[in-house]
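Q: The following comprises the amino acid sequence and a computationally predicted model.
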Amino acid sequence: MRNAIFFVVDAKFFELAFALSRRLSDDWSVDVHVFVEDPDTDCHFLNDSIEIIEASEKQKIFIHNNELTHLLPNKLPASAMWPPIVYLRIFAPFALKEYDRVLYLDADIAPLRVDHKIWSTNLPAGIAAVSDFGMIANASIRKVSIKDWVTMLGIRSERYFNSGVMLIDPKRWIEHDFRSLLKAFVDAHENEIIHFDQDFLNWVFQDAWVELHPSWNFQAKLFNANVEELFPPIFLHFSKAEKPWHRLHDDNIDDFDRCGFLFFQRLLGDRFDALSSLFTEKKPKFISRLKAISRSKLSKLGIQSRKEKRLRAALKEGRNKILKHLENGDFIDKTDINKYYSDYHVAFDGKTLRKPVNIEKILGSGSDRVEKIER
């Protein structure tokens, strides 16, 4: 079988995608394609870099400049967090028809292990993905239940996947007329769409997509369920609005956010600062900072503020829903299920809950290389 991995990014995130591509090409020994889609930028400057050209030729990394944008229908709904570029991952497999399997990755993913068994996954509908654990943990969205919301989107199934990691069979994929399907979906559900391309893909492939093990797309919410040592992440997905390069982590707490910061800092080295400069932090108002400090001090004294109580209740409810999903999907041993429901320590910094994790165990002791799983 001939396989490949691909990214779709705008020019601002090319440095990140290229660094990830070099790592993946080395560790996975497959072609890696980077689609740089930025109609407002002349992306041909990328080809002027001797370093990029030499690395690409040596490592079989292929860079595509603005090859997909013209395929998008007009007037697609988007947002500041999810610009129109997010739809382009849908069209990239049309340019990768020579492969038997292609694996799409978001650029906010840390590849930590290698397991080539994924390439032999049976794809009857042409796609496999991991459930969206943010959706499973949340009780509602826009003040309606998750079940009612997906029904409003025309999704019959209660299953809903995260599109940050997708295994695709290009030959099956290109059988779909995605331009026409996108237009039909937007025309019918524009007011309900929240996750844009992800909502659309769940609508197209409802009941047909193959569910991958959570380790293939280990999302932020899974840390809340305390299962990271049960099945160590293969692809660790920083699926939060706050990204590692935003530097919003607490240096005194080894949690999920600091784990991401250290990974990408190691990956990019001196170039990490350029990525972090893309983010302009909104400084909280004086009163907000004062309240956060006060709540943090109370928490350390064992006194929970209303905010902390609310966050801890939501954490427990979401964790229990995730564990139930993992149990029903045979991802965890039913005979030992009770220990996963036990309480664990979570720190409160006055604004958010931070669950400590063993960062070096997740990333590798003192190393930035991946673990290769025996085939």
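A: Sure, I can see it.

Q: from here on, contacts and neighbour counts on C-alpha atoms
A: Noted.

Q: Retrieve the pLDDT associated with the nearest residue to Asp106 once chain neighbours are set aside.
A: Here the nearest residue to Asp106 in space, its sequence neighbours aside, is Gly164; by C-alpha to C-alpha, 6 or more residues apart in numbering that works out to 5.0 Å. Gly164 is assigned a predicted lDDT (pLDDT) of 97.

Q: Gly164 is in what secondary structure piece?
A: When elements are defined using DSSP states H and E, Gly164 is found to belong to strand 161-168.

Q: just checking, next helix/strand downstream of that strand?
A: Per DSSP H and E, the first helix or strand lying C-terminal to strand 161-168 is helix 170-173.

Q: May I have that following helix exported as PDB, CA atoms only?
A: Extracted C-alpha coordinates of helix 170-173, given in PDB (Å, rounded to 0.1, in the frame of the first residue of the first chain):
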ATOM      1  CA  PRO A 170      -9.000   8.800  -1.600                       C
ATOM      2  CA  LYS A 171     -10.600   6.500  -4.100                       C
ATOM      3  CA  ARG A 172     -13.800   6.300  -2.100                       C
ATOM      4  CA  TRP A 173     -13.600  10.000  -1.000                       C
END
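
Q: quick one: buried residues of that helix?
A: Of all the residues in helix 170-173, those buried under the rule 16 or more other C-alpha atoms under 10 Å are 170-171, 173.

Q: now the residues you listed as a markdown table including distance to Pro39 and pLDDT?
A: Output for the buried residues of helix 170-173, formatted as a markdown table (distance: C-alpha to C-alpha, whole Å; pLDDT from 0 to 100):
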| residue | distance to Pro39 | pLDDT |
| --- | --- | --- |
| Pro170 | 25 | 97 |
| Lys171 | 28 | 97 |
| Trp173 | 25 | 97 |
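
Q: out of these, who's nearest Leu88?
A: Of all the buried residues of helix 170-173, the one with the least separation from Leu88 (C-alpha to C-alpha) is Trp173, at 13.7 Å.

Q: Could you check how far that closest one is from His116?
A: Using C-alpha to C-alpha, to the nearest Å, one obtains 21 Å as the distance from Trp173 to His116.

Q: cool, Val130 as well?
A: Computed with C-alpha to C-alpha, the distance linking Val130 and His116 is 17 Å.

Q: Please apply the same query to Gln59.
A: For Gln59, the distance to His116 - C-alpha to C-alpha - is 18 Å.

Q: neighbour-wise, which of those two wins?
A: Here Gln59 and His116 are set side by side on neighbour count (other C-alpha atoms under 10 Å), and the busier one is Gln59, at 18 against 13.

Q: wait, the more buried one sits on Ser25?
A: Yes - counting by C-alpha atoms under 8 Å, Gln59 sits close enough to Ser25 to count as a contact (6.0 Å).

Q: what residues do these two have in common as contacts?
A: Jointly contacting Gln59 and Ser25 under the rule C-alpha atoms under 8 Å, 6 or more residues apart in numbering are Asp31.

Q: all helices in the protein, in order from the N-terminus.
A: Remark: helices assigned in the chain by DSSP state H are 14-28, 50-59, 133-137, 146-152, 170-173, 178-189, 197-204, 220-224, 256-268, 272-276, 286-300, 306-328, 359-363.
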